[in-house]
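Peer 1: this one's sequence-less:
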(Lines give C-alpha, C1' and ligand atoms only; values in the text may rest on other atoms or scores of the structure.)
Protein backbone atom coordinates (compact mmCIF):
# COMPACT_ATOMS: atom_id res chain seq x y z
CA UNK A 1 0.00 0.00 0.00
CA UNK A 2 1.29 3.44 -0.94
CA UNK A 3 2.03 5.91 1.87
CA UNK A 4 -0.03 9.08 2.28
CA UNK A 5 3.08 11.20 1.95
CA UNK A 6 4.17 9.53 -1.28
CA UNK A 7 0.82 10.39 -2.91
CA UNK A 8 1.32 14.11 -2.40
CA UNK A 9 1.97 16.32 -5.44
CA UNK A 10 5.58 16.66 -6.53
CA UNK A 11 5.37 20.43 -6.90
CA UNK A 12 8.58 21.88 -5.35
CA UNK A 13 6.51 24.38 -3.32
CA UNK A 14 4.03 21.82 -2.05
CA UNK A 15 5.74 21.69 1.34
CA UNK A 16 4.37 25.17 2.09
CA UNK A 17 0.76 24.15 1.48
CA UNK A 18 1.10 20.79 3.20
CA UNK A 19 2.44 22.31 6.44
CA UNK A 20 5.54 20.15 6.52
CA UNK A 21 4.08 16.78 5.49
CA UNK A 22 6.08 16.62 2.27
CA UNK A 23 9.28 17.43 4.14
CA UNK A 24 9.37 14.03 5.81
CA UNK A 25 9.90 12.29 2.47
CA UNK A 26 12.55 14.61 1.02
CA UNK A 27 16.20 14.83 1.95
CA UNK A 28 17.07 18.44 1.09
CA UNK A 29 18.80 20.80 3.58
CA UNK A 30 16.15 23.48 3.11
CA UNK A 31 13.39 21.04 3.92
CA UNK A 32 15.21 19.80 7.01
CA UNK A 33 15.61 23.38 8.19
CA UNK A 34 11.91 24.04 7.58
CA UNK A 35 10.96 20.96 9.58
CA UNK A 36 13.27 21.97 12.43
CA UNK A 37 11.80 25.47 12.42
CA UNK A 38 8.25 24.10 12.59
CA UNK A 39 9.17 21.84 15.50
CA UNK A 40 10.79 24.72 17.39
CA UNK A 41 7.76 26.96 16.83
CA UNK A 42 5.44 24.21 18.01
CA UNK A 43 7.55 23.61 21.11
CA UNK A 44 7.73 27.34 21.87
CA UNK A 45 3.97 27.81 21.57
CA UNK A 46 3.44 24.94 24.01
CA UNK A 47 5.46 26.71 26.72
CA UNK A 48 3.50 28.68 29.31
CA UNK A 49 3.58 32.39 28.56
CA UNK A 50 4.69 34.62 31.43
CA UNK A 51 3.99 38.32 31.68
CA UNK A 52 5.77 40.82 33.82
CA UNK A 53 3.30 42.38 36.20
CA UNK A 54 4.21 45.53 38.06
CA UNK A 55 3.77 45.62 41.82
CA UNK A 56 0.20 46.24 42.91
CA UNK A 57 1.00 49.32 44.97
CA UNK A 58 4.28 51.08 45.59
CA UNK A 59 4.57 52.96 48.83
CA UNK A 60 6.61 56.10 48.21
CA UNK A 61 6.70 58.83 50.85
CA UNK A 62 5.18 62.10 49.57
CA UNK A 63 8.42 64.01 50.08
CA UNK A 64 10.24 61.61 47.70
CA UNK A 65 7.69 61.95 44.91
CA UNK A 66 8.49 64.01 41.82
CA UNK A 67 6.55 67.26 41.45
CA UNK A 68 5.37 67.43 37.84
CA UNK A 69 4.90 71.21 38.04
CA UNK A 70 8.48 72.01 39.09
CA UNK A 71 10.71 69.05 38.17
CA UNK A 72 13.26 69.17 35.38
CA UNK A 73 13.28 66.60 32.62
CA UNK A 74 16.19 64.79 34.32
CA UNK A 75 14.23 64.58 37.57
CA UNK A 76 11.15 63.27 35.75
CA UNK A 77 13.24 60.57 34.10
CA UNK A 78 13.78 59.01 37.54
CA UNK A 79 10.20 57.75 37.45
CA UNK A 80 10.22 54.13 36.21
CA UNK A 81 9.22 53.70 32.59
CA UNK A 82 9.12 57.41 31.77
CA UNK A 83 11.02 58.26 28.60
CA UNK A 84 12.53 61.59 27.60
CA UNK A 85 9.70 62.20 25.12
CA UNK A 86 7.01 61.78 27.79
CA UNK A 87 8.98 63.87 30.29
CA UNK A 88 9.31 66.62 27.67
CA UNK A 89 5.53 66.58 27.12
CA UNK A 90 4.91 66.87 30.87
CA UNK A 91 7.19 69.94 31.05
CA UNK A 92 5.75 71.51 27.88
CA UNK A 93 2.10 71.43 28.99
CA UNK A 94 2.49 72.73 32.54
CA UNK A 95 0.87 73.70 34.98
CA UNK A 96 -1.27 70.90 36.38
CA UNK A 97 -3.80 71.09 39.21
CA UNK A 98 -3.76 67.32 39.76
CA UNK A 99 -1.62 64.50 38.43
CA UNK A 100 -4.58 62.81 36.74
CA UNK A 101 -4.64 65.75 34.30
CA UNK A 102 -1.80 63.96 32.51
CA UNK A 103 -4.43 61.53 31.20
CA UNK A 104 -7.38 63.95 31.04
CA UNK A 105 -5.48 66.43 28.86
CA UNK A 106 -3.88 63.71 26.71
CA UNK A 107 -0.32 64.34 27.84
CA UNK A 108 0.39 60.68 28.63
CA UNK A 109 -1.31 57.44 27.58
CA UNK A 110 -2.97 55.44 30.34
CA UNK A 111 -0.34 52.68 30.42
CA UNK A 112 2.49 55.18 31.01
CA UNK A 113 0.46 57.01 33.67
CA UNK A 114 -0.22 53.71 35.49
CA UNK A 115 3.54 53.07 35.70
CA UNK A 116 4.43 56.48 37.14
CA UNK A 117 1.38 57.57 39.14
CA UNK A 118 2.82 56.41 42.47
CA UNK A 119 6.07 58.31 41.86
CA UNK A 120 4.65 61.74 40.95
CA UNK A 121 2.67 64.49 42.60
CA UNK A 122 1.26 67.83 41.43
CA UNK A 123 1.91 70.61 43.94
CA UNK A 124 -0.28 73.63 43.37
CA UNK A 125 1.24 77.07 43.57
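Peer 2: Done, it's in. If you're wondering where the values come from, they're calculated on a predicted model, not measured in any experiment.
Peer 1: for burial, what's the neighbour tally of residue 115?
Peer 2: The number of residues packed around residue 115, counting by other C-beta atoms under 10 Å, is 16. No exception for glycine: its C-beta is placed from N, CA and C like everyone else's.
Peer 1: give me the element it is part of.
Peer 2: Residue 115 is part of helix 110-116, with elements assigned from DSSP states H and E.
Peer 1: next SSE downstream of that helix?
Peer 2: According to DSSP H and E, the helix or strand after helix 110-116 is strand 120-121.
Peer 1: is residue 121 in a bridge, and if so with what?
Peer 2: In this entry, residue 121 is beta-bridged to residue 67, by DSSP bridges.
Peer 1: go ahead and confirm it touches residue 98.
Peer 2: No. Using C-beta atoms under 8 Å, residue 121 makes no contact with residue 98, being 9.4 Å away.
Peer 1: between these two, point out the one with more neighbours.
Peer 2: When residue 121 and residue 98 are compared for neighbours, residue 121 comes out ahead with 19 against 11, by other C-beta under 10 Å.
Peer 1: name all residues that make contact with the more buried one.
Peer 2: 62, 65, 66, 67, 68, 99 (C-beta atoms under 8 Å, 6 or more residues apart in numbering).
Peer 1: could you dump these into TSV with distance to residue 75 and pLDDT added?
Peer 2: As requested, these are exported to TSV (distance: C-beta to C-beta, whole Å; pLDDT from 0 to 100):
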residue	distance to residue 75	pLDDT
62	16	76
65	11	91
66	6	94
67	8	94
68	10	95
99	15	93
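Peer 1: circling back: what residues does the helix holding residue 115 touch?
Peer 2: With C-beta under 8 Å, 6+ apart, helix 110-116 has contacts from 54, 79, 80, 81, 82, 86, 100, 102, 103, 108.
Peer 1: surely residue 93 meets residue 87?
Peer 2: No. Applying C-beta under 8 Å as the test, residue 93 and residue 87 come out as separate, 11.6 Å apart.
Peer 1: more crowded one of these two?
Peer 2: Shown here are residue 93 and residue 87; by other C-beta under 10 Å, residue 87 has more neighbours (23 against 15).
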